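In: Here is my input, please return the structure:
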Amino acid sequence: MKDVQKQRPDNPLYIQKVGVKGISYPIIVSDKKRGKQNTVACINLYVDLPREFKGTHMSRFIEILNTYKEDIHIKNFEHILNEIQTTLEAESAHMEISFPYFIEKTAPVSGSVGLMEYTCRLMGMVGKSREFKVGVKVPIQTLCPCSKEISEYGAHNQRGLVSAVVRYEKFFWLEDLIELIEGCSSSQVYPILKRPDEKYITEYAYDHPMFVEDVVRQVASLLSAHDEFSWYSVEAENFESIHNHSAYAYIESKDHG
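Out: Numbers count the residues shown, from 1 in each chain. Okay, the predicted model is just below:
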């Protein structure tokens, strides 16, 4: 059959990214505690397209994805991209995967166990250069240092969200990155809390007040100490309890890639 994609286009312009986007797909990812975890991902796959070709072969992206669906993790991310690049005869290949990831968390006093959801992303590119990144979104709680300082009793607190992206050079566990971020808050967020847990968390947060500025600086300081990461960005957003706006901070490392 005639390969229409290989025909010359009417407008012979180079396209940086062409492919398939928004694929909802069941995958299995590596889990530090249980070995494997089933989840559903949203996947984007792209390659570049030379100016002399009319289009790319979209079905080949899905065929390659099918061969890796039970083994998606940061250790083989480069292999998947290499196969996409080779199969589609491209100079560069890109992949973005986002998915909910669940970690079992235990309440600090009662020991009540529940599943906590985190949004995770894997992003990679191979071509003239190679780059692999991981992103996580981690819910936290913060207590306002200013409110504590100026009030005769009590202080306002709020739930926040820390979004971190790291460029990695060595394998690491998602759980370790999430745990690092949770430790840089006034208090962690838990799926199940009994009254003794609420008392403990309220008092713990009061003893560990933090601005969003404190959060991003502390996360950045800890990430800088890990040689697995050659670059990072960290942003924190507090969904303020006494203001009709969010508090926000962003920090990014110098690029060593």
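
In: which residues of this structure fall in strands?
Out: In the chain, the strands defined using DSSP state E lie at 15-31, 35-49, 93-106, 113-126, 130-143, 157-168, 187-188, 229-239, 246-252.

In: Can you add mean pLDDT, mean neighbour count and distance to residue 65 and give those back as CSV?
Out: All C-beta spots, glycine's among them, are computed from the backbone N, C-alpha and C. Output for those, formatted as CSV (pLDDT from 0 to 100; neighbours: other Cβ atoms under 10 Å; distance: least, Cβ to Cβ, whole Å):
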stretch, mean pLDDT, mean neighbour count, distance to residue 65
strand 15-31, 91, 15, 7
strand 35-49, 93, 18, 7
strand 93-106, 96, 18, 9
strand 113-126, 96, 17, 13
strand 130-143, 96, 20, 17
strand 157-168, 96, 20, 22
strand 187-188, 97, 21, 35
strand 229-239, 96, 21, 27
strand 246-252, 96, 15, 31
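
In: any chance of the ones you listed in JSON lines, with distance to residue 151 too?
Out: As requested, the strands of the chain are arranged in JSON lines below (distance: least, Cβ to Cβ, whole Å):
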{"stretch": "strand 15-31", "distance to residue 151": "43"}
{"stretch": "strand 35-49", "distance to residue 151": "43"}
{"stretch": "strand 93-106", "distance to residue 151": "30"}
{"stretch": "strand 113-126", "distance to residue 151": "31"}
{"stretch": "strand 130-143", "distance to residue 151": "11"}
{"stretch": "strand 157-168", "distance to residue 151": "12"}
{"stretch": "strand 187-188", "distance to residue 151": "18"}
{"stretch": "strand 229-239", "distance to residue 151": "18"}
{"stretch": "strand 246-252", "distance to residue 151": "18"}
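
In: Indicate which one of those strands is closest to residue 203.
Out: Checking the strands of the chain against residue 203 by Cβ to Cβ gives strand 187-188 as the closest, at 9.5 Å.

In: what distance separates the closest one from the middle of the whole chain?
Out: 19 Å (Cα atoms, centre = their mean, to the nearest Å).

In: Tell me which other helices or strands that strand touches.
Out: strand 130-143, helix 195-207 (3 or more Cβ pairs under 8 Å, 6 or more residues apart in numbering; DSSP states H and E).

In: from memory residue 22 sits against residue 42, does it?
Out: Yes - counting by Cβ atoms under 8 Å, residue 22 touches residue 42, with 6.2 Å between them.

In: Now render the helices and strands packed on strand 187-188 as CSV, adding distance to residue 37.
Out: Converted to CSV, the helices and strands packed on strand 187-188 look like this (distance: least, Cβ to Cβ, whole Å):
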stretch, distance to residue 37
strand 130-143, 14
helix 195-207, 25
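
In: which one of the strands of the chain lies closest to residue 200?
Out: With Cβ to Cβ as the measure, strand 187-188 is the member of the strands of the chain nearest residue 200 (9.0 Å).
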